[in-house]
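*Asks:* below: sequence and its predicted model.
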Amino acid sequence: MELIARFKRATAAYRRKFHKRRDGQGGFTLLEVLIAMAIATFSLLGMAMLQGTAIQANSFGSQYTQATMLAQSTLEDLNSEFLDADGIMVTNLTVGSGGVDANIDENGDAGGIFTRTWNVADYSEFSRLVTVQVDWTESGIARQVALSTITRGRGN
């Protein structure tokens, strides 16, 4: 009998030492784990959406910069065609002159998404207003950059 009593005491001590208690003090419940997983999932989804928005903004910024550089380059080319190295008028800027280049890239070569237009208009008795506009469509939304400059010289 004493052997059985010792065995029971040893077994009870073993259970106390190596088995967790089941009175709510020994870990997380299934509900707590599910709530933590839901919070982590929504956090990761939010970060993924933020990443997508950042990529779109970067793409728009790149296209906007390319369009601005294309318009600036065109203004410089138009001004250099009409003025010599000393800044003296060699060709007249004719009111109403202009042009359109469709489907060009950021360098002005064929095969891009940009449409460039330019126009020369009267500004005052001795100057002209030269306007360059670059249009493109991004994600179904029409975008536009317009730059203007005033040049000297009356033209005909």
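*Replies:* Noted; the coordinates are in hand.
*Asks:* so Thr41, which of the three states?
*Replies:* Put simply, Thr41 is helix when judged by DSSP: H, G, I helix; E, B strand; the rest coil.
*Asks:* tell me, how many residues neighbour Met69?
*Replies:* The tally of other residues near Met69 (other CB atoms under 10 Å) stands at 14. In short, each C-beta sits where N, CA and C put it, glycine included.
*Asks:* so where does it fall, helix or strand?
*Replies:* helix 30-82 (DSSP states H and E).
*Asks:* packing partners for that helix?
*Replies:* strand 114-124, strand 127-138, strand 141-152 (3 or more CB pairs under 8 Å, 6 or more residues apart in numbering; DSSP states H and E).
*Asks:* by mean pLDDT, which helix or strand of this protein comes out lowest?
*Replies:* Every helix and strand of the chain was ranked by mean pLDDT, DSSP states H and E. The lowest is helix 2-18, at a mean of 71.
*Asks:* if we can go back for a sec, same list (the helices and strands packed on helix 30-82) but as CSV, adding mean pLDDT.
*Replies:* Formatted as CSV, these follow (pLDDT from 0 to 100):
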stretch, mean pLDDT
strand 114-124, 87
strand 127-138, 89
strand 141-152, 89
